[in-house]
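J.: Fold the stuff below for me.
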Amino acid sequence: MQLCEDGFVPALKYLFSLLWCLGKMTSQTAKVVLSLDAETVSLLKDGVNFKKDPENGKCYIIYKGTEGFKACRNQCKHQGGLFIKDIEDLGGRTVKCTKHNWKLNLSTMKYVNPPDSFLQDELEVEILDDGGLRLVELSPLDPWLADPREPLQLKEGEVKVTYLTHACMELQLGQRRFMFDPWLKGPAFARGWWLLHESPADALDRLCAADLIYISHMHSDHLSYPTLKVLSERRPDAPIYVGDTSRPVFWYLEQSKVQLTNINVVPFGVWQNVDEHLRFMIMMDGVHPEMDTCIIVEYKGHMILNTVDCTRPNGGRLPQNVDLMMSDFAGGASGFPMTFYGGKYSDSWKATFIKNERKKLLNYKAQLVKSLQPKIYCPFAGYFVEAHPSDRYIKETNVKNGADALNAQINNLTSDIKTWTPKPGAVLDLGLALTDPTNSEAITNPPASAKIYKDNWDFDLYVDELNRAISCEIFKHPNWIQFYYTWAGFQNYNLVVRMIETDDNFEPHPLGCDYLVDFLDLSFPTTIPDREHSYLELKNRVGVMRHVVVHGGLWDDLYIGFQNRISRDPDIYHHKFWNHFQTELPCRGPDWDKFLRQMTPTVESDIPEKDEPEEQSHVSAPQHSRFFQNKSQEIIN
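T.: The predicted structure follows:
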């Protein structure tokens, strides 16, 4: 008994103490973000109340209902816009985002426009004994604080950051080279985006020699298969690191025929140790956790934060005072509103909208950088252009922010942050810049003779590849439409879509199809259903559409790539529909070999009755052109 008391019990106490400490490291922390006294609480009206913290100016929304209080930050989960009172809501339950008019029902914390989208992150409401109220935010400890390291002095030339093009940066960290998001060759989003900058002549050599390659997400301006094809031919075992997103970053690898053998999927929020001095951590986006990620790289205690395209990186919790921060800046990475037509979508409306969006994005990015106080900030991941001649309208309409404009705004807000507008091939010596931010030798720009902007993109090579899909065997059988949308698996949604395959000018293509899909029951009617429903009209460039269909690709190639034109009646965003076709399609493409076997049996009598083309599964353009012209005119008017 004495042995147990003197030996076993102290050991248990030590173990319990250790487990408690570990629990404290990984448990949630509670932070009071707003306090109201009893008198202020008594003045809260039924329904929506906006309250601002007088100390930091941050605004919160408190909803008072029959069952008590609900609360959240005044920040839309979609794109971070501010909410205002919804004057159309007579029940006093909803607020409207000033950015894209999304509506949030505070009584349920669900977004009602668009429906079936996000749930708002709630704050805990704590009622005090004296009648006061506190809003509490629960959150885990910041993962980068695990195993903190003191910064060591960096020698000149020890850490160099080289900008190559768009979102592609090379980090030299001691003896190792870390490459971010290598889009160095070909277009992105089918044929919609092209590189603005001419990358250095040795950029592909640098990629193939990299010790680590980070690819933030599956969008083709970051995950570039034309670029990775070169890598696979020269160094298929190059170590590539991606986050553990619900839709795998490399979901398309097998279909692409690109042979890469060393792809590493790492968990979020955990340090990945490379050597005694170098480690990195991948974190998810708070708005698009299924695909977007960002990264922290730490070398000798110095942190480099790259938020890439994340809308709300790590849910808005980011390290402050990092040595270098990089983020996107430009905007214009969406089909809305450039590809929309009819109704309010005139050129003047679009111009005003885009101007306002640019201003909002500029303010948001500048304020974010100011709040995080990095020592150095670099805007990147926005250097693309709609270069193909057929997209001249988009290029002229889709005006983007400039990196210099964002840096100027940051400099107006604070003088404590050094800003860097990179040119292809420019090099930042982090050690020199940290020692003396005014040191002109900290940044080495390319020689004056270096070519900065691209003027040739080899359009035909990539456009011809897309257009080869037009004559694919499957499109000789009208039932490809039913087969494809059955594979896609989206239904039970009251939406009718008219799909029109067009030429480059969005006029009906002579070999194109024109058909209806009713997603309520996944049928293919020849006329618009009589019931009340939402209606979309999509004009898609036939080569891109058919390439997407053949390979089971995501519709980002159409939408983000500006390869379609869209009209909607009523004019509302169908989040559930677009989210499915942009992120939730099956990871394995349609089995077109099986389809062709069903469509072309050796003996006609062998055709199973269920696989015979149904008369209503396909609508040809000539057969219904007059009806659809009338329907289109109704929407435009």
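J.: host element of the nearest residue to Asn363 once chain neighbours are set aside?
T.: Among residues not flanking Asn363 along the chain, Gln409 sits closest, at 7.5 Å (CB to CB, 6 or more residues apart in numbering). From N, CA and C alone the C-beta is placed, and that goes for glycine too. Element membership for Gln409, per DSSP states H and E: helix 403-413.
J.: list the helices and strands that helix packs on?
T.: Counting contacts by 3 or more CB pairs under 8 Å, 6 or more residues apart in numbering; DSSP states H and E, helix 403-413 is packed against helix 347-372, strand 376-379, strand 418-419.
J.: closest to Leu536 out of the ones you listed?
T.: With CB to CB as the criterion, Leu536 lies closest to helix 347-372 of the helices and strands packed on helix 403-413, at 18.7 Å.
J.: and that closest one, what other elements does it pack with?
T.: Helix 347-372 makes packing contacts with strand 324-327, helix 392-397, helix 403-413 when contacts are defined by 3+ CB pairs under 8 Å, 6+ apart.
J.: so how far is the one helix or strand Ile62 maps to off the chain centroid?
T.: Counting by DSSP H and E, the element that carries Ile62 is strand 59-65. Between the centre of strand 59-65 and the centre of its chain there are 29 Å (CA atoms, centre = their mean, to the nearest Å).
J.: now stretch 99-111
T.: The answer for stretch 99-111 is 20 Å, by CA atoms, centre = their mean.
J.: now stretch 528-547
T.: The answer for stretch 528-547 is 24 Å, by CA atoms, centre = their mean.
J.: Tabulate the CA atom coordinates of it in CSV.
T.: This file holds the C-alpha atoms of stretch 528-547, laid out as CSV (Å, rounded to 0.1, in the frame of the first residue of the first chain):
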residue,chain,number,x,y,z
ILE,A,528,-41.2,24.9,-70.6
PRO,A,529,-43.2,23.3,-67.7
ASP,A,530,-46.5,25.0,-66.7
ARG,A,531,-45.8,25.0,-63.0
GLU,A,532,-44.1,27.9,-61.2
HIS,A,533,-40.3,27.5,-61.3
SER,A,534,-37.0,29.4,-61.7
TYR,A,535,-35.5,29.5,-65.2
LEU,A,536,-31.9,29.8,-66.4
GLU,A,537,-30.8,30.2,-69.9
LEU,A,538,-27.2,29.3,-70.5
LYS,A,539,-25.4,29.9,-73.8
ASN,A,540,-22.1,27.9,-73.7
ARG,A,541,-19.3,27.8,-76.3
VAL,A,542,-19.7,24.4,-77.8
GLY,A,543,-16.0,23.4,-77.6
VAL,A,544,-15.7,24.2,-73.9
MET,A,545,-19.0,22.7,-73.0
ARG,A,546,-18.4,19.5,-74.8
HIS,A,547,-14.9,19.2,-73.4
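J.: And that stretch, what's buried?
T.: 528, 534-547 (16 or more other CB atoms under 10 Å).
J.: ok, now stretch 373-388?
T.: For stretch 373-388, by 16+ other CB under 10 Å, it's 374-388.
J.: what mean pLDDT does that stretch have?
T.: Stretch 373-388 shows a mean pLDDT of 97.
J.: one step back: most tightly packed of the helices and strands packed on helix 347-372?
T.: Highest mean neighbour count of the helices and strands packed on helix 347-372: strand 324-327, a mean of 25 (counted as mean count of other CB atoms under 10 Å).
J.: mind listing the strands for the stretch 451-600 of the chain?
T.: Remark: strands assigned in the stretch 451-600 of the chain by DSSP state E, counting those that start in this stretch are 495-502, 514-518, 534-541, 564-569.
J.: Can you check which of those strands gets nearest to Tyr341?
T.: Across the strands of the stretch 451-600 of the chain, Tyr341 has its closest neighbour in strand 564-569 (5.5 Å, CB to CB).
J.: Alpha carbons of stretch 296-303, as CSV, please.
T.: This file holds the C-alpha atoms of stretch 296-303, laid out as CSV (Å, rounded to 0.1, in the frame of the first residue of the first chain):
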residue,chain,number,x,y,z
ILE,A,296,2.2,29.5,-43.3
VAL,A,297,5.9,28.8,-44.0
GLU,A,298,8.3,29.2,-41.1
TYR,A,299,12.1,29.3,-41.4
LYS,A,300,14.3,29.9,-38.3
GLY,A,301,11.3,31.4,-36.5
HIS,A,302,10.4,33.8,-39.4
MET,A,303,6.9,33.4,-40.8
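J.: For Arg235, which non-adjacent residue is spatially closest?
T.: Cys208 (4.8 Å).
J.: can you pull the contacts of the one you found?
T.: Residues near Cys208 by CB atoms under 8 Å, 6 or more residues apart in numbering: Val230, Leu231, Arg234, Arg235, Ala238.
J.: which residues are contacting stretch 96-111?
T.: Contacts of stretch 96-111 (CB under 8 Å, 6+ apart): 48, 61, 63, 65, 70, 72, 76-86, 88-89, 93-95, 112-114, 117-120, 122, 357, 360, 573, 575.
J.: quick one: which of the buried residues of stretch 528-547 is nearest to Asn439?
T.: Nearest to Asn439 among those is Val544, at 48.2 Å by CB to CB.
J.: Phe353 contacts Pro337, correct?
T.: Yes: with contact defined as CB atoms under 8 Å, Phe353 reaches Pro337; the gap is 5.6 Å.
J.: from what I can see Cys267 touches Val242, true?
T.: Quick fix: residue 267 reads Pro, not Cys. No: Pro267 lies out of contact with Val242 (CB under 8 Å); the separation is 11.3 Å.
J.: Comparing the two, which residue is more hemmed in?
T.: Val242 (21 against 10; other CB atoms under 10 Å).
J.: Spell out the secondary structure type for the more buried one.
T.: Here Val242 is recorded as strand under DSSP: H, G, I helix; E, B strand; the rest coil.
J.: Find the nearest non-adjacent residue to it, please.
T.: Nearest to Val242 is Val249, by CB to CB, 6+ apart, at 4.1 Å.
J.: How many neighbouring residues does that neighbour have?
T.: Residues contacting Val249 under the criterion other CB under 10 Å number 23.
J.: For it, give its distance to His219.
T.: 10 Å (CB to CB, to the nearest Å).
J.: okay, and the common contacts of those two?
T.: With CB under 8 Å, 6+ apart, Val249 and His219 have common neighbours Met291.
J.: surely Glu124 meets Val136?
T.: Yes: using CB under 8 Å, Glu124 is in contact with Val136, at 4.2 Å.
J.: Overlap in contacts, the two.
T.: In contact with both Glu124 and Val136: Ala30, using CB under 8 Å, 6+ apart.
J.: The residue nearest to Asn363 and Leu368 touch, don't they?
T.: No: using CB under 8 Å as the test, Gln409 is too far from Leu368 to be in contact (11.5 Å).
J.: Flag the shaky bits of the protein, pLDDT-wise.
T.: The chain contains residues with pLDDT under 70 at 1-28, 601-637.
J.: Using the record, which stretches count as separate domains in it?
T.: 29-139, 154-457, 460-597 (the TED database).
J.: Columns distance to Ala146 on top of these, output as CSV?
T.: Below are those laid out as CSV (distance: least, CB to CB, whole Å):
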stretch, distance to Ala146
domain 29-139, 14
domain 154-457, 7
domain 460-597, 30
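J.: How many residues are close by Thr261?
T.: Using other CB under 10 Å, Thr261 is surrounded by 11 other residues.
J.: Doesn't it lie inside a helix?
T.: No: with three-state DSSP as the criterion, Thr261 is coil rather than part of a helix.
J.: Any figure for the gap between it and Phe83?
T.: 48 Å.
J.: ok, back up a step: from the contacts of Cys208, which ones fall inside helices?
T.: Those of these mapping onto helices are Val230, Leu231, Arg234, per DSSP state H.
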